[in-house]
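>>> Attaching a predicted model along with its sequence, questions to come.
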Amino acid sequence: MRKYITRRLLMLIPVILGVTFIVFSIMYMTPGDPAQMILGESAPESAVKALREKMGLNDPFIVQYGRFVKNAIMGDFGRSYATKKEVFAEIFARFPATLQLASVGVLVAVLIGVPVGIISATKQYSLFDSVAMLLALLGVSMPNFWQGLMYILLFSVTLGWLPSGGYGSFKHFILPALTLGTSTAAVIARMTRSSMLEVIRQDYIRTARAKGVEEKKVILKHALKNALIPIITVVGLQFGHLLGGAVLTETVYSWPGIGRLLVDAIKQKDTPMVQATVVFIAVTFSIVNLAVDILYAYVDPRIKSQYK
Amino acid sequence: MLKSRKLLAVLALMLSFVFVMTGCGKGSNQATEGGKDSIIVAQGADAKSLDPHATNDQPSSRVMKQIYNTLINTNEDMQIVPGLAESWEQKDEKTWVFNLRKGVKFHNGEELKASDVKFTLERMLASDKVNHIVEAIAKVEAPEDYKVVITLKEPFAPILAHLSHTAASILNEKAVKEAGDNYGQKPVGTGPFKFVAWQSGDKIELEAFNEYFEGAPKIKKITFRNVAEGSARTMGLETGEIDIAYDVEPVDKERVKNNDKLTLVEEPSLSVAYIGFNTNKEPFNKKEVRQAINYAINRDDIIAAVLNGAAEKAGAPIGPKVFGHNPNIKPYEYNVQKAKELLKQAGLEKGFKTTIWTNDNPVRVQIAQIVQAQLKEIGIDVKIETLEWGSYLDRTGRGEHDMFILGWVTVTGDADYGLYALYHSSQKGGAGNRSFYENKKVDELLDKAKATNDSKEREKLYHEIQEIVVEDAPVANLYYQTQNVGMQKAIKGFRLHPAGHHRLYNVSY
Amino acid sequence: MANVANLQTADVKKTKKRSMWVEVARRMAKNKMAMVGLGIIVVLVLLALFADVIAPYEEVVIKQNLSMRLKGPSAEHWLGTDEFGRDIFARIIHGARVSLKVGIVAVGISIFIGGSLGAIAAYYGGKVDNLIMRFMDILLAVPSILLAIAIVSALGSSLFNLMLAIGISSVPSYARIVRASVLSIKDQEFIEAARAIGANDFIIITRHIIPNALAPVIVQGTLGVAGAILSTAGLSFIGLGIQPPAPEWGSMLAGGRAYLREAWHVTTFPGLVIMITILALNLLGDGLRDALDPKLKQ
């Protein structure tokens, strides 16, 4: 097991290197001069030129990229062009907000999605199934930011129950988590339903039923346990994505997360910030995936023997 | 079953870990309940840095204005008044002497000395980001503890206005040296509020500095919140989460006005919005074409539709609040007939195809759409291209564009800042003259006005410059936007500053 | 000899394939929800095709009338007018053209690139597989929004570049799907048979493997069109959408958000249309999945 984890982590290195190369090329090739961005539209050209020179932006691409890799290996990802803060300090300052929102969002999604999926599967083609699946589909179909604006209108402005945005207290969590949660719940509910449907048709379920095992037990103990793998996969994937920030939800609710950090950095041509954020997102995503794979082993002992 | 229970336990543990680690649930931020000695201010973006030499953006300046002071202040009526310097005199054309206020304390307990001023201005001159604001300065000396002598490279009349810029805020030498590279997150000033904490991307907290030289402020705590969505700022006002919201969206203005718990203050700002023409390119090298477009644009429609009336039609390139504004210049009237005639004179009666560039600012995108429709009336087929801000500045600086939409804020409130960069031929391209306009006479007058100390004489020169520039029409000035702030009615003592960074020292509940 | 054999297998395969698709269609027809979805899509496509007949583009869709700004639904303007006084109903119908095109072309791009890469990876295996799939991992790790901004700012913001941006960001998922299904096919007997009679790699991949790996791609593609439409809307929201005045649903929705409370109809109707379209595509996709999945046969 430990070997397996080590190998997976080692495999990350080339991926990360590739990612940095692509990001660096993108930032290098797209028009827009970081020096001009820093100085703003009303700065004299001589100042822009001097700053370009100072920042080493006139060096050839390979020299610039090499410098980045060398510093990165030494653990120095540099400082943001825009704020002069150390990029990872900034990312870690923002990450808690993202982590909390992603966790609560996924929790909401699982609490809604899994039960709805199970009931729909056991009562396939019933009224509940149709209505639940339709609602689940509506959840995926609604643009996130639109849903967010509607919630604010209803819960903060009209009813006055919840804050319209911001970060800090428990109340601030409810709307963003609900927005993220409902669209994620829809994905989870559909996956749970189809995975359960597949399992329910298997022979051993029939056997269990024939033996006279209580229906509730059949579903929750025998069927769910075996349907769990694809569900965990989806939950893990969604969680991984949310850890990369949810730009639209963050924007609507003024949530200080990773997603907006990245978008702002891209818009400002803040290359060090973009690099570090993308690397960070890629690493967290891979770690979540790895965690999901390890979880498989706990859920299904057959898989455990494959980790060598 | 056992396994899944274990799983649940693990999940629960992870979640609680997340919350404990990140210190979630730290009490609520409701502003309106209880203690009226703290206020929450919302603006559209987070500050970038609180080091005045590290950035020159509006959100940062708005926070720094509370933390720092400048030698000279420009007050809300755009008059030059004493700041940290209680008096000053001009020794000769190029030498200025400033006498500092005594007993001014920095937030770290240090006393303000002339050496701090010298240190600050020298550091500013070495900063690539803001040195252009004080580039006229050749040398700063501190002969006595409370006396500063500034020598200019050449006579530069608007120097006082430039020293009142927030970027020229006075820093404490010791604090800057101690903080090193992290000074932007540990600012120390002489202002009425001192820095407490910064939750990146979310909020900045300041508290009252009781030893402030004009007396402790009435408010004990200010929180600057970053609320990017305009509609969210208004909603926050309505729900009472926000006390003061900067830049209420035009469409929300009525809503704030009609709410009996809120007020809206609105005044002209120092900004002008304009459409520029690339005068290097066909057919914009023809004056008639540029004038024709000026006549074909219905500015009233733009102001009504895009800004809900929150602007004044622009004729002169600098607004009424700026020193040197020429009040006799009327905006181009909306006259399609005249526009067509001018196009005919230019030999383009059939119209032509062109593009207009804008960045992704929604107001500009809307203006582009309206102008697109209006120019269609005179046969000009305009394609809109929305560029991301970085490439927009970069490519317009290199002159790849036909037409473009941009704004200019004359932050110093002096005509030099608003006219030199935009219309002097030495400033072509990224420096500000993105229409690549060149007129020898204008160059000459701009240089002369810059060096003239007599303000009557200067004013006359600037009036003349504006007349020529408007006639030549390298740009179509659209409007001077008004700025607004929405706030709870209970708030007293708030005044808008035309430059946009409002002083909160006098604010109280 | 080889030719004859080739002909024969092809013939057998063709009839087999035809009966398979007939079977799928029969199963689809029984699924009411899927048919509702299909019905909605057909109506949308028809509206898009005949948009010019219903509302002329120049005079109605992009012509501004500022005196008619933000008027609510009425007999004259069924769904009201937007912030420039344009008829929202007409814009939604013409928007169907843009949005459906964006969705379909973007997915087409990702299927073409992703599918080819996935097929090549699976078919050749070994180093090639490893190289391609690691590259896919890298691409997956680059946030799609960065890709979109990069492509749009490097190549200019045309409709095609937007489709390219959205398309490229989902290349890895198609590569994975195709790779997986090709892997499950490539060792089956009929492939070996084809190789035995001298078919080259190109023929085997295009004639035998791709058609048989198509089912999961079709399902994913249907859902992908929905995803692409949503992505476009999201990009519009952060200011990187389609160039005005083209009526695209996402930018209509995003542009109207400032008037959410003064003029609810400006965002509500485009929002509803997006929702219904996505819903229909999802119903159709789910139906296809069920119909194509032999395991779910009852």
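Ah, there it is. Numbering: from 1, shown residues only, chains lettered A, B, ... in the order given.
>>> From residue B:401, how far out is the closest residue to chain B within chain C?
For chain C and chain B, the shortest gap (CB to the nearest CB) falls at residue C:239, measuring 3.4 Å. In this view, the C-beta of every residue, glycine as well, is placed from N, C-alpha and C. According to CB to CB, to the nearest Å, residue C:239 and residue B:401 sit 19 Å apart.
>>> ok, back up a step: what pLDDT is listed against the residue of chain C closest to chain B?
Here, the pLDDT recorded for residue C:239 equals 70.
>>> Grab the nearest non-local neighbour of it.
In space, and not counting its chain neighbours, residue C:239 is closest to residue B:360: 3.4 Å by CB to CB, 6 or more residues apart in numbering or on different chains.
>>> mind listing what the one you found touches?
B:386-389, C:239-240 (CB atoms under 8 Å, 6 or more residues apart in numbering or on different chains).
>>> secondary structure element for residue 278?
No chain in the question, so chain A it is. Assigned by DSSP states H and E, residue A:278 belongs to helix A:271-299.
>>> You answered for a different chain; I wanted chain C.
Secondary structure assignment for residue C:278, by DSSP H and E: helix C:264-292.
>>> Also residue A:226?
Assigned by DSSP H and E, residue A:226 belongs to helix A:224-243.
>>> one step back: residues of the helix holding residue C:278 that come out buried?
C:265-292 (16 or more other CB atoms under 10 Å in any protein chain shown).
>>> For residue C:239 and residue B:401, indicate the residue with more neighbours.
Per other CB atoms under 10 Å in any protein chain shown, whichever of residue C:239 and residue B:401 has more neighbours is residue B:401, with 23 against 18.
>>> Please, which helix or strand holds that one?
Applying DSSP H and E as the criterion places residue B:401 outside every helix and strand.
>>> Could you find the closest non-adjacent residue to it?
In space, and not counting its chain neighbours, residue B:401 is closest to residue B:357: 4.9 Å by CB to CB, 6+ apart.
>>> these two touch, right, the one you found and residue B:383?
No: in this structure, residue B:357 is not within contact of residue B:383 by CB atoms under 8 Å, at 9.8 Å.
>>> More neighbours: which of the two?
The neighbour comparison of residue B:357 against residue B:383 (other CB under 10 Å) goes to residue B:357, with 24 against 13.
>>> Could I get the contacting residues of that one?
By CB under 8 Å, 6+ apart, the contact set of residue B:357 is B:385-387, B:392, B:395-396, B:401-405.
>>> now do 7 Å
Residues near residue B:357 by CB atoms under 7 Å, 6 or more residues apart in numbering or on different chains: B:385, B:387, B:392, B:396, B:401, B:403-404.
>>> The helix holding residue A:278 vs chain B: in contact?
Yes: applying CB under 7 Å from any CB of the partner chain, one finds helix A:271-299 touching chain B at A:298-299.
>>> Show me what counts as buried in that helix.
The neighbour-count check on helix A:271-299 (16+ other CB under 10 Å) flags A:271-286, A:288-290, A:292-299 as buried.
>>> ok, which of those residues also contact chain C?
Among the buried residues of helix A:271-299, the ones lying near chain C by CB under 7 Å from any CB are A:274, A:278, A:281-282, A:285.
>>> Could you dump these into CSV with pLDDT and distance to residue B:39 added?
Formatted as CSV, these follow (pLDDT from 0 to 100; distance: CB to CB, whole Å):
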residue, pLDDT, distance to residue B:39
A:274, 89, 35
A:278, 87, 38
A:281, 88, 36
A:282, 85, 41
A:285, 85, 40
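>>> Could I get the buried residue list for stretch B:478-493?
Buried positions in stretch B:478-493, judged by neighbour count with 16+ other CB under 10 Å: B:478-488, B:491.
>>> ok, residue B:365 - contacts?
Contact analysis of residue B:365 by CB under 7 Å, 6+ apart lists B:358, B:386, C:244.
>>> Quick one: the residues you listed as CSV, columns for pLDDT and neighbour count too.
As requested, the contacts of residue B:365 are arranged in CSV below (pLDDT from 0 to 100; neighbours: other CB atoms under 10 Å in any protein chain shown):
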residue, pLDDT, neighbour count
B:358, 90, 25
B:386, 81, 23
C:244, 71, 19
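>>> circling back: which of the ones next to chain C among the buried residues of helix A:271-299 lies closest to chain C?
Of all these, chain C sits closest to residue A:282, with 3.7 Å by CB to the nearest CB.
>>> Hmm, that closest one is touching residue A:19, no?
Yes: counting by CB atoms under 7 Å, residue A:282 touches residue A:19, with 5.2 Å between them.
>>> what about residue C:215, distance to residue B:242?
In this view, residue C:215 and residue B:242 are 54 Å apart by CB to CB.
>>> Same drill for the two, tell me which one is more crowded.
Taking other CB under 10 Å, residue C:215 and residue B:242 do not tie; residue B:242 has more neighbours (31 against 18).
>>> Grab the nearest non-local neighbour of the residue of the stretch 151-300 of chain B at minimum distance from chain C.
The stretch 151-300 of chain B approaches chain C most closely through residue B:251 (5.1 Å), counting by CB to the nearest CB. Spatially, and ignoring its direct neighbours in sequence, residue B:251 is nearest to residue C:258 (5.1 Å; CB to CB, 6+ apart).
>>> thinking again about what came up before, how far away from the center of its chain is the helix holding residue A:278?
Chain-centre distance of helix A:271-299: 9 Å, with CA atoms, centre = their mean, to the nearest Å.
>>> ok and that helix relative to helix A:224-243, angle-wise?
170 degrees (axes from the mean of the first three to the mean of the last three CA atoms, to 10 degrees).
>>> tell me the contacts of the residue nearest to residue B:251?
Neighbour list for residue C:258: B:230-231, B:249, B:251 [criterion: CB under 7 Å, 6+ apart].
>>> now, which of those lie within helices?
B:230-231 (DSSP state H).
>>> how about CSV for the contacts of residue C:258, with pLDDT and neighbour count added?
Formatted as CSV, the contacts of residue C:258 follow (pLDDT from 0 to 100; neighbours: other CB under 10 Å):
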residue, pLDDT, neighbour count
B:230, 85, 19
B:231, 83, 24
B:249, 86, 25
B:251, 81, 22
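>>> for the stretch 1-150 of chain C, what spans make up the helices?
C:2-30, C:32-49, C:51-54, C:88-124, C:126-141, C:144-155 (DSSP state H, counting those that start in this stretch).
>>> could those helices go into a markdown table alongside distance to residue B:84 and mean neighbour count?
Listed next are these as a markdown table, based on distance: least, CB to CB, whole Å; neighbours: other CB atoms under 10 Å in any protein chain shown:
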| stretch | distance to residue B:84 | mean neighbour count |
| --- | --- | --- |
| helix C:2-30 | 79 | 12 |
| helix C:32-49 | 66 | 16 |
| helix C:51-54 | 66 | 14 |
| helix C:88-124 | 57 | 22 |
| helix C:126-141 | 51 | 17 |
| helix C:144-155 | 44 | 21 |
